[in-house]
Every structure is written in C-alpha cells, then in structure tokens.
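Student: no sequence on hand, only this structure:
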C-alpha cells in the first residue's frame, strides 16, 4: 500500500489530494514554486519542497526537480493532480523508471489517448461512435479540403494534442478553411508544441456529456454516471452538473457501455473521463478521453459518495476497486461552479492580486474546494480558478437553490471574479428548464458583480 505521496501540483487540487491522504493515514509531500512559498497547500502537508521559480517551466513542469524532491523526501509515489504534467506520458514514464508509483494511467495509455486523432481511430476500431471526419492527423490543406467536402460544412479544425478550447477553429464554409487550418495548427504548436491537427464535422448546438470511470489492474472497470458540462465560455467549462437532464436511463446505460469499451480498448487503469457530444438528433459521438482526474470530479463524488482520489490511490497500490457496478447508486443532483479571478468587462482577462477579504459559503449540501485564505496572493503565473463551489440536493431544483444561496454568501475582495456570470446562469431560463446547450453563454448578458 502506498504510504507517502508527492503531490506534483498546486492550489485547490493539491489541498483536495492532501485531504484524502489524511483520511487514509498516508503521508504527503507538496512541492511549490517561489511564487507559492506562502500558499495554503504548502503548509498543510507533512513536508514541502521548493522546486524552482514562479514560471511553470521552472517549477511545476520541471520533471527533474519534481522527481528529485520525491526521492529525497522518501516518497514512494507521485500524484499529478490535473493540468501541468498530469497527461504527460514522458513524466509518467520517468516516475516509474525512478522506482516510484504514478497515481494515474500508464504512459502507454496516456500516449494512446493523448492524441485526439489517434484516440478517435482507437474508438472507431472498438465500435464507439465518433464524430465524422478525418481518420487521423491531416498534414496538407488539400487533404483538409477533401475531408471537409466529404463530411460537409461547417467543420472543426482541432489540435491532436489540444485541450481547454485551444488549437481549435471553426470553418463555416470552404472560404474559411485555409485560415482555420493554419491558425489552429499555429496555436497548437505554440501552446502544446505539437502542430498536428485533424478535421471533424461540427455538431451544431450540441450538449457536452462525459462519463467518469475508474479501472484497476485486475480488469475491472467502474462507471460513475455522467456529468453535463455544456455551460462553457470559449471552450472552457465554468459550470457542471450531474446527472444530466438530457440523459435518459437508456442513454446512460449506452454511454457507460461506450466508456467501458473505450477503457478496455486502451488497456486503461486508474481514473479517467470519456467525453461525448450529444447532438440535437439524439446521436452521441466520442470526442476525447481525459487520462487524469477532472476538475469537475466533485459533482460525481457528491451524487455517488465515492472518493475518487482515495480510489486512485487504492488502484495505484494494486488493490481491486472497492465497489462493484451494481453497488453504485446515484443520489440526488449536484452542481459545480468554478469561481475564477477574471474580469468579465474586459474580455475575461485574468485578475491577479491580493485577497483582502473573503467569506466562503457553507451550510447543508455545500462543499467548497479552494486554497484561498485572507491575505493570499493570486499569482499571474497560473490558472485563474480560485475555488469550486459544489451544491448537492435531493432534486435538481434543490441543488440550484442551494447554489444560488452559496453564491449569495460568497465574498472575495481584492480581485475581480466571474461571480456575477455564474449567478446569472442559475437564473437563465434555458438552464432552469435543462434545455440548454454549449451556446448558452452566447445568449446571456455579461454581469461582473453579484
């Protein structure tokens, strides 16, 4: 059994992992950059090590320094959290080559699924439906034109190594394809150091549905229901809920079956998420599999009572899953809001600064995952997310009312946030009826304050 974990991450996810480690009586070591020297997560662990400068490339992406910290502090494992090195196959390989356990899937699985074009090919081979498009990467503009003509416009040009809405461009017609192709490739190269792109049919007005799973080393795969992630701004999720109002019992069973097929095709182990788009005509298509813990995993934990980080550690220790599929029951409804330090009135640009005053909500059915405290500094070097607020209720309406109450209680001063936008979503008529899709925020007015 794992006994001492190095947490190769920062912020709220580092705090989240620390909590599960404490529940399991497992020691933990955190690493921090010079900018995070006074961060909450650095003070909550058994030991903490500075691994470099404020820039991610000098610290949280510095593989050699992370491994050195793990070995020097007597760790036997590394948990990557999400972001940074969590889906880096070379890092996973380096961890295991150093005699440590990587709390995540194998490097081979990360490679197989990390390239979206390769993942689509793998899904096609195992019978999981994929969005019509290219069979793999597209290198030449002429090939892109031929594929777009075959599947029909509009099309989406997507980075094979992309994520978070980066390296993605829409071509509504043939005239727009050339610029979309080159822009997507250039952004992918700049952001992901990989300019490879592929083409797929643009499914208009879809819903974004994902299935949480976890698999062990003994061939068992467990699915934990779906999450609706259609409230997005520029491809970035800002609110998630579970279960989805658009998913029937029959569709849930189908999505779960596809998720298991995906995991088995990739010989997958540990936690992962299989993402789909649900088209207006009711068809579902695989879009990608995230080979890590998701930001929105707390909504699944709320409706299942299943600690995903605990289960990740158990699986990495070689143990079988702690539950069978027939023991998983969905209880009630949960919603997660991502509070970010960004300025809605100025293009949602990041809003770093010092937290002068804060009050986090609480009460029945409310969970807050955050690393904030009064006086802490929100750094310009990292992701702008400040906290995740999760509301759980017996019904969807109860969860909505509790989330409204939580946001009304929430106070963060010193930085500008997207609190007003989140609050407006909870009053949006399409959201309230559950009839929304990924274009919901395009129709909603911007509000900067609550």
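Tutor: Structure received. None of these values were measured; they are calculated from a predicted model. Numbers count the residues shown, from 1 in each chain.
Student: which strands and helices sit next to the lowest-mean-pLDDT helix or strand in the chain?
Tutor: Lowest by mean pLDDT, DSSP states H and E among the helices and strands of the chain is strand 155-163, with a mean of 84. If contacts are counted by 3 or more C-beta pairs under 8 Å, 6 or more residues apart in numbering; DSSP states H and E, strand 155-163 sits against helix 116-126, helix 141-151, strand 166-171, helix 174-192, strand 197-201. C-beta: built from backbone N, CA, C; applies to glycine.
Student: give me the contacts around the helix or strand hosting residue 303.
Tutor: Using DSSP states H and E, residue 303 sits within helix 297-304. Under the contact criterion C-beta atoms under 8 Å, 6 or more residues apart in numbering, helix 297-304 has outside partners 212, 224-225, 227, 240-243, 271, 306-308, 328-336, 367, 369, 388, 390, 392.
Student: do the same with stretch 94-106
Tutor: By C-beta under 8 Å, 6+ apart, the residues outside stretch 94-106 that reach it are 2, 5-6, 63, 67, 70-71, 75-80, 86, 92, 107, 110, 267-272, 291-292, 312-313, 316-317.
Student: repeat the analysis, applying 7 Å as the threshold.
Tutor: If you take C-beta atoms under 7 Å, 6 or more residues apart in numbering as the criterion, stretch 94-106 is touched by 2, 63, 67, 70-71, 75-80, 86, 92, 268-270, 272, 291-292, 312-313, 316.
Student: tell me the angle of the longest strand seen in the chain relative to helix 297-304?
Tutor: Counting residues, the longest strand found in the chain (DSSP state E) is strand 221-233. Strand 221-233 runs at 130 degrees relative to helix 297-304, counting by axes from the mean of the first three to the mean of the last three C-alpha atoms, to 10 degrees.
Student: so in that sheet, which strands flank strand 221-233, and in what orientation?
Tutor: With DSSP bridges as the test, strand 221-233 is paired with strand 207-215 (antiparallel), strand 236-242 (antiparallel).
Student: centre of the chain to the first one, how far?
Tutor: This points to strand 207-215. Relative to its chain's centre, strand 207-215 lies at 11 Å (C-alpha atoms, centre = their mean, to the nearest Å).
Student: averaged pLDDT, it. What do you get?
Tutor: For strand 207-215, mean pLDDT rounds to 98.
Student: how many other residues sit next to the residue lying closest to residue 207 once chain neighbours are set aside?
Tutor: Nearest in space to residue 207, with sequence neighbours left out and distances taken as C-beta to C-beta, 6 or more residues apart in numbering, is residue 278 at 4.3 Å. By the criterion of other C-beta atoms under 10 Å, residue 278 has 23 neighbours.
Student: bridged to residue 278, which residues?
Tutor: Here residue 278, judged by DSSP bridges, has bridge partners residue 207, residue 284.
Student: if I pick it, what's in contact with it?
Tutor: Residues in contact with residue 278 (C-beta under 7 Å, 6+ apart) are 206-207, 209, 246, 284.
Student: please redo it, this time with the cut-off set to 6 Å
Tutor: Residue 278 is in contact with 207, 209, 284, counting by C-beta atoms under 6 Å, 6 or more residues apart in numbering.
Student: re earlier: buried only: go through the contacts of stretch 94-106 for me.
Tutor: Buried subset of the contacts of stretch 94-106 (neighbour count, 16 or more other C-beta atoms under 10 Å): 2, 63, 67, 70, 75-80, 86, 92, 268-270, 272, 291-292, 312-313, 316.
Student: isn't there a helix covering residue 381?
Tutor: No - membership of residue 381 in a helix is not supported by DSSP: H, G, I helix; E, B strand; the rest coil, which gives coil.
Student: mind checking the SS state of the closest residue to it other than its chain neighbours?
Tutor: The spatially closest residue to residue 381, leaving aside those adjacent along the chain, is residue 54, at 4.9 Å (C-beta to C-beta, 6+ apart). Put simply, residue 54 is coil when judged by three-state DSSP.
Student: about what we covered before: next, the buried residues of the longest strand of the chain.
Tutor: Buried-residue list, strand 221-233, by 16+ other C-beta under 10 Å: 221-233.
Student: mind checking the SS state of the residue minimising distance to the centre of the chain?
Tutor: Centroid check for the chain by C-alpha atoms, centre = their mean gives residue 294 as the closest residue, at 3.5 Å. At residue 294 the chain is in coil, as set by three-state DSSP.
Student: so of the buried ones among the contacts of stretch 94-106, which ones are in helices?
Tutor: 63, 67, 70, 92, 312-313, 316 (DSSP state H).
Student: for residue 177, state which of those is nearest.
Tutor: residue 92 (36.0 Å; C-beta to C-beta).
Student: contact partners for the closest one?
Tutor: Applying C-beta under 6 Å, 6+ apart to residue 92 gives the contacts 102, 107, 110.
Student: looking at these, which are in helices?
Tutor: Of the contacts of residue 92, the ones assigned to helices by DSSP H are 107, 110.
Student: and the gap between the nearest residue to residue 385 once chain neighbours are set aside and residue 307?
Tutor: Nearest non-adjacent residue to residue 385, counting by C-beta to C-beta, 6+ apart: residue 340, 5.1 Å away. Relative to residue 307, residue 340 is positioned 25 Å away (criterion: C-beta to C-beta, to the nearest Å).
Student: hmm, back to that, which one of the helices and strands packed on strand 155-163 lies nearest to residue 409?
Tutor: Closest to residue 409 of the helices and strands packed on strand 155-163 is strand 166-171 (C-beta to C-beta; 33.7 Å).
Student: where does pLDDT dip in the protein?
Tutor: By pLDDT under 70, the low-scoring segments of the chain are 162-164, 445-450.
Student: show me it divided up by domain.
Tutor: As recorded under automatic domain parsing, the domains making up the chain are 4-103, 132-201, 207-443.
Student: Throw those into TSV and include distance to residue 115, thanks.
Tutor: What follows is these, written out as TSV (distance: least, C-beta to C-beta, whole Å):
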stretch	distance to residue 115
domain 4-103	10
domain 132-201	5
domain 207-443	10
